[in-house]
Each structure stands twice: as C-alpha cells, then as structure tokens.
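Undergrad: Dropping the sequence and predicted coords here.
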Protein chains: 2
Amino acid sequence: MRRTRFGPARTIVVFYAITVTLGTLLLALPFTTTGDGRAHFSTALFTAASATCITGMSPVDVATYWNPFGQAVILLLVQAGGLGIVTLSVRLLQLVHGRMGIGGTLAAQADAHTDTPAHARSMIRVIVRFYLALEAFLAVLMALRLHFAYGEGVGRAAWDGLFHAVSAVNNAGFTLYSDGAAKFAHDPWVLAMLCGGVFIGGLGYPVWFELQRRRRPHQWTMHTRLTVGGSLVLFVVGLVTFIAFEWRNPGTLAHLDFTDKVWNSIGGAVFPRTAGFATVDYTAVRPETMAVNYVLMFIGGGSAGTSGGIKVSTFFLLGAVIISEIRGEPQARVGRRAIPVAVQRQALTVALLGVGIVMIGMIAILTISEQPMQLVLFETISAFSTTGLSANLTGQLPEGAQFVLIALMFIGRVGTMTVGSALAMRRSKRRYQLPEEFPIVG
Amino acid sequence: MRRTRFGPARTIVVFYAITVTLGTLLLALPFTTTGDGRAHFSTALFTAASATCITGMSPVDVATYWNPFGQAVILLLVQAGGLGIVTLSVRLLQLVHGRMGIGGTLAAQADAHTDTPAHARSMIRVIVRFYLALEAFLAVLMALRLHFAYGEGVGRAAWDGLFHAVSAVNNAGFTLYSDGAAKFAHDPWVLAMLCGGVFIGGLGYPVWFELQRRRRPHQWTMHTRLTVGGSLVLFVVGLVTFIAFEWRNPGTLAHLDFTDKVWNSIGGAVFPRTAGFATVDYTAVRPETMAVNYVLMFIGGGSAGTSGGIKVSTFFLLGAVIISEIRGEPQARVGRRAIPVAVQRQALTVALLGVGIVMIGMIAILTISEQPMQLVLFETISAFSTTGLSANLTGQLPEGAQFVLIALMFIGRVGTMTVGSALAMRRSKRRYQLPEEFPIVG
Ligand SMILES: [K+]
Ligand SMILES: [K+]
C-alpha cells in the first residue's frame, strides 16, 4: 500500500539515475570532445550528473572541451532534468496534497478537482506548454541580441540563443563561453533576459498557476505568500549585501560603470538562487559575500520548479514559526492561517538534514583535498543546492572529491523534494497520546 | 504582571552587565599589568567580558600581561560569572517549570514542592556547596600535582591549583601559562582533572540532582536523558573525528606517543564543549577538525550549568523531532514521553537565532578585518558559545572586531538562557484556532 503511494517519489529517483547513466554513456562516446580520444569517465559522469541535476558545475570548460555534439547532449540532459522535475512533481504534489482532502492547498488544485490522473495529465500539458513557450520566447530574444549586438551568424546565434534560454529557464547555469556569463557583464539586456528566465523558471508551477488566476496578495495561498514574499526578501538582501560588499572590490565591480555595477549586483543577487550563472569572478569576491551566498544558495528557489536548495517556502516557513514564537503567539502562522505542526516538523527535517548533508560533504572533501574551507564550503553548498556557482575549484579537486560533489548534486536534486513529500505522505493519525514532558531549552 | 514574571531574566542581564563594568574598571586600574602604565581600555573590557561570561578568550597573554592582582580579578570575575549563572538559573527554571504545574519536569522539583522562594534558597545553598566543594577538591588535586610533578613552591602551587580548578569547573578555560593547557599535553593526570572538572561543571544542576537521586536511566527525566545521552554522543563523535583527523598531523598529535595522543584527543573532544582549554595549536589543526569543532562549540554543554552554546538538550531535542518525523511517528518523542509542540518551537527558535547571530557576527568581522573565514568563524562561534578556544586571532583583530566578539560573548552568555526561558514563560493559552493550511515543503 505504502509502495503504491510512494510511486512518484521512486519514479523521480529512478528517472534521474537512468538519465545520468544514459548521459554518461553518451558523453563518453568517442566523438564528443574537441580533442583526440574520448572524455575521461569521471568527466563524463560529472558533466552528465551536473546537467541532469541542472546544476551547472563542470570540471572542464564546456565551451572548449566538448564539441557541438557533446554540447547538444548537455542541452538535452538539462531539458530532460528540468522537464522531469516539473512534470514528476505534479503527480507527487497531487498525491501529497490531494490525500489531505483540503481545499486551498494549491490554487491549481483548489480551483478544480484535481486528484485524478486525467486531470494531472491535462495539468502537465498546460505546464509543459508554458514552460516550452517561455524557453522559445527567451531563445528568440537571446538569438536576436547575439546576432545584432555580437555579430554572431544566424545559425550560431540561434543555437547559442536556444542553449542559453534552456540553461536559464531550467536554472542550469551552463554557458557556451569560456568566460561564462561574464561575457555579458557589460550587457544589461542579456543579464535581464537571463535573470528573468531564471526567476520565472525557479518559482515553480504552483506559484505560476496562482499568480495567473488570482490578483490580490491577501488571497494567495500560504505557499505562494511564502515563496513570493521570501523570494523578494532574498532578492533585496542579496542585492544590498552584494552592492555593499563588492562595489569597491577591484576583483569584481570596481572597474565597472554605474549601470553595469547595478546590473551585475542584480545578477549577484539572482544567480546564486540556484541559477549558477557567474558574471563576476567568485574567486575574487569578498569572504562576506561568500557567506551571504552560502545562505542564498542553500535556500534556493521555489518548490516544484527547476531550482534547488531546501526551497524558499521551507526556509520562510521556519522563519514564520520563529517570529510567531518570539511574539508569543499560541499558533505558528502566516497571515490568518496556522501552519500545521506536522508541516513545521517536515520543514525542520528538510532544513536540518540539508545542513547535515552539507557538513558531511564538506568534511569529506576537506579530508580528501588540501583546499581552503571557504572555497570547499562554497562548492559543497553549490552542488547540494544544484546552484552550480564555482570558485574554480571543481577541476582542481581530486577524483574522490568530485564523486562527493556528484553525490551531493544527486541528493540535492531528488532528495529535498522526495523527502519533503515522503514525510508529508507518512503523516499518520494519532492512535494514542504519549504523556508530555518539558525539558529545558537553552 | 509580565514584568514580575520576567524578573529573573532581567536580573541575569543586569547582573552580567554590572559585573563586566566593575571588572573593566578594576582591570583598568594602574597596577594590574606587569608593564608600565595601565591596561588599554579595550583590553580591560574584553578581558572582563571574557572572564565574566566564562569564555576564556583574550587579546593578550594572561600569564605575562597581567600581574597577580590582575589575575586575581580575572579569577573573581570567573567565579562570579559561574556562580551567577548557576544560582540565577535556579529561580528562573523554578518559575518556568513551576508555573507549568507538572511533576517530572526536573527531578529536583519533582521530588519536592519547589515553587516557593524559601525552597529556591535552600536549593541554591545545596548547589553552591556542591559547586565550591568540587572546586576545592580539584584545586587540592591540581596543587599537589603542580607541587610534586612540576616543582612549584607550595604557595605558587596552591594559587595555580585554585586558579585552574576554578577555571575548569566554570568552563572558563583561562590558564596562567603562556602555552596554555599545552603545558599539560604530556600529563594525562592534569588533563584528566581538567576534563573531569569541565565535564561535571558543564552538566548543569538539574542533571546533578537527578543523577544523585535516581539510578536507572529509564527513570530519568527527558532533560537528563537528552543531556547525558547527547553529551555521550558528542564525546564519541569528537573523540573519533579528532583521532581520525589529527593522529598523523605533524602540527598537533604526530609527535606525541600513543598515550599522549589518546589523552590529547580526549581533551580535543571535551574542551571544545565550551571549556576552551587548548592542548593543541588550533592554528595547526586540519580544516575538517575545525568544522567538527564549529558544531561541538555551537552546541556546548548542559543547561543551567557553567557551559555555553545552545545547549545539548536543545540540539538533541531537535534531533529527536527529526528522528520521530523520519520514522513517521505521530508525535515527536524521547522514549515514552512526547515533546510538547511549544517546546519544539522554543528549541527551533533558540537554535536558529543562534545560527543567525553567528552568521551576522562572522559577516561583521569579515567586513572589518582581512582574516580568512575559516578562522573568523572559529572565533565567532567560540565567542558566541563562550567556549574561548582561539586560533590566535583575537589579538590580531582590529578593535571594532573585538567589540563584535564582546557582544557575541555577552549575547551568548545571557541570551540563550533568558530567551529560552522567556519563550517558555510566554506560552499562552489558545483563545481561538486559526484555520490550517499546508504549504509545500522541499
Ligand atoms: K543551477
Ligand atoms: K569557556
């Protein structure tokens, strides 16, 4: 019985495992690299895992190491990984929230009777159509810009436009340029396109549906309030700290003019939210910026979207619990709605398991390598949250450490979501009450 | 009404503020240092705060900078800080747990009717007597060892013995030697004495009382189970990782013989739990050891004792919530007792506020100074948790960063406990139920 109910969670794990395996085999073919011979196995595996988990980290320069065939494989894996998470999460969330038999959980489900497979299929069609339309729209914009402003030929501009549109909407962060998104550090138009694609793709379909249907924020569901409000808070915090810490840093913003400084700061606030595009050199940012990025990356984006991390709703739900507690309110709440105790426990579990996994991953890499902790922690959180930002460390790490990163990417991609759902599914009725006891806190 | 109930929490804040002020004035007198002239104000303030908050960090070498008068002031401040926390917490916990009107909260209160000021006074007498007896016992042992094994004269040995006994039982970590506790790296006897004093002093009186009265662990209260079981887990984790990471490290254990390696590893597991004695050079430990130490220091020791951190019970209570959640149990529990939802929220609040304060403190110091994050985070957590371990950074930090550390020590000492109690006191009856709503987690 439980097995049947767990179907979608298991499907997600199996889907990603198979896709990573297929991708590794494809990338390990003899005609995928620009050099002679085939790619090293660990390079193929790392790249396939990174693309499928829409992380974007890479031990090699994607622009020069892989030939167009290899790059096309990466693009396909990114598309499969992104579409996979979005569509599989429909059925997963339907089961989790449908079973609870309450309206108002998700707008998309509150407005219609959705707990039938037929409805799920039609919902998936709507979502995939919106998703592909967003990619196509962005691809055209990018291609036009690359053709007219950068003088790329029509075919090249179309390919580059498609690749970067898919990379942005899926929050993958791969680019086809050796200097990555830094190529566009002086181009607000492209930065705005990338930020837009990343932001919309990362919100998640439950928020898309709701924003499309209802107008006023006070009518939003708790999930949308937490995700939209939280994303806004994180954007402001990321922007203000990036400007404050980097404005005069000669390694990052100091040499840019005012407009470019602002736009790169906007990128510096948006891209760590699991997009992974880097317009500045993350080996040169201030350590205090790194520290803020740890937090932004770990939190990530919206649920049931292409972003990673423990998710905005999880983090701000815990924040709401703490604020209610400090205010001395009898129930933890968001607006006029109480947060169920079981959901509080789920959020706590997802968040602290995440902290534990990051700690173990970091300690493992520290014991294997001789790199400074500040950079190792950056790569570790980047992998776990599938952000893909890198302080140029990935390629320098020994193979053992790269396998740790691969494991973190996989756990981060399939783990947070399936664990969150699995916990919600297992919620059981209380058959008896244990007597309570009050230990000392603090 | 609320003001009256909050009396003890406010008393703690006022008591520590006054003691730090008095200590600063005393240490700033013209005849406290070995050199000419008086101590710099910031040095006096830092040392007074560190001693009163029983942290043990110091921007100067306590052994050579202060003369015997200055050292006596430090000893008095440590004693005041330690006795203060232990006695003030009696009244605080009595109010918090007495008001809830349940037996079984604390053994000491379950066995007798304790919610009267008269009983509190008699309890404080018992605790202070036990506490001073422990210090005296350890002082005699230490003095004997220093006299017979280190050839210190009788007067000197008595003074040193007293100082280090008080420093150990109060989890202060100050020593009168320029090489700190490293002087005893080859002396298992002294290491055992220090570990013993630190461990017993840090358990907290609620556990003392219970261990003295009841025999079998399954009869223990939840608080004692969490604290004793958790301390054991942390000891084993600290010991195993210290041995695994440092055994062959030429900067720390490699040059020691087998017995010394083991005893220094025991110290390496016990002292970061807010004692702050350093037998090894923390600038030379492996980064992975540092990472484990971050966690050990942040958690700290037992509630209502001389240790700091968010407390063992807070941390393992959250651990129990997560384990219950993963097992799919309807209530979070420890053994056959449920953890009240309100207490879960308190623990979450204390722990995450702690993380937030450490993050803000670290970012503040990173912006002020140019030190590596790995070391700054170490000093930040050490200050907040009043552990007092140092990677020799304190003296090198600019004055502004030292003030941040002072603030962290103060918040860490008075904050965790008063916040935990204040939250418990504010627990109010539910006058109405808000409708629940289920956001997505993960
Ligand atoms: K990414
Ligand atoms: K200490």
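TA: Looks like it came in fine. These numbers were taken from a predicted model, which means no experiment stands behind them. Residues are numbered from 1 along each chain as shown, chains lettered A, B, ... in the order given. Ligands and ions are numbered 1, 2, ... in the order given.
Undergrad: Show me where the stretch 301-442 of chain A has its strands.
TA: Using DSSP state E, counting those that start in this stretch, the strands of the stretch 301-442 of chain A run over residues A:333-334, A:337-338.
Undergrad: Which one of the ones you listed lies nearest to residue B:84?
TA: Comparing the strands of the stretch 301-442 of chain A against residue B:84 with CB to CB, the closest turns out to be strand A:333-334 (37.3 Å). No exception for glycine: its C-beta is placed from N, CA and C like everyone else's.
Undergrad: That closest one vs chain B: in contact?
TA: Yes: interface with chain B: strand A:333-334 contributes A:333-334 (CB under 8 Å from any CB of the partner chain).
Undergrad: Partner strands of that strand, with direction?
TA: The pairing partners recorded for strand A:333-334 under DSSP bridges are strand A:337-338 (antiparallel).
Undergrad: who in chain A is up against ligand 1?
TA: Contact residues (CB under 5 Å from the ion) of chain A with ligand 1: A:55-56, A:171, A:173, A:276, A:388.
Undergrad: Tell me how many other residues crowd the closest residue to residue A:271 other than its chain neighbours.
TA: Leaving aside its sequence neighbours, residue A:271 sits nearest to residue A:277 (CB to CB, 6 or more residues apart in numbering or on different chains; 4.6 Å). By the criterion of other CB atoms under 10 Å in any protein chain shown, residue A:277 has 28 neighbours.
Undergrad: Residue A:277 and residue A:265, how far apart?
TA: Using CB to CB, to the nearest Å, we find residue A:277 at a distance of 14 Å from residue A:265.
Undergrad: just residue A:90 next, same as before
TA: For residue A:90, the distance to residue A:265 - CB to CB - is 35 Å.
Undergrad: Please apply the same query to residue A:71.
TA: Separation of residue A:71 from residue A:265 (CB to CB) stands at 30 Å.
Undergrad: So which helix or strand of chain A has the lowest pLDDT on average?
TA: Sorted by mean pLDDT, DSSP states H and E, the helices and strands of chain A end with helix A:107-110, the least confident at a mean of 44.
Undergrad: Under the pLDDT cut-off, which ranges of the stretch 301-442 of chain A? List them.
TA: A:426-433, A:436, A:438 (pLDDT under 70).
Undergrad: Now it against ligand 2: closest residue?
TA: Among the residues of the stretch 301-442 of chain A, residue A:442 lies closest to ligand 2, at 17.1 Å counting by CB to the ion.
Undergrad: my read: that residue touches residue B:414, true?
TA: No: when contacts are counted by CB atoms under 8 Å, residue A:442 is not listed as touching residue B:414 (10.7 Å).
Undergrad: Between these two, point out the one with more neighbours.
TA: Taking other CB under 10 Å, residue A:442 and residue B:414 do not tie; residue A:442 has more neighbours (26 against 21).
Undergrad: show me what contacts that one?
TA: Residue A:442 makes contacts with B:303, B:310-311, B:314, B:346, B:350, B:416-421, as judged by CB atoms under 8 Å, 6 or more residues apart in numbering or on different chains.
Undergrad: Can you show me the helices along the stretch 101-250 of chain A?
TA: A:107-110, A:117-150, A:154-169, A:188-203, A:205-213, A:222-246 (DSSP state H, counting those that start in this stretch).
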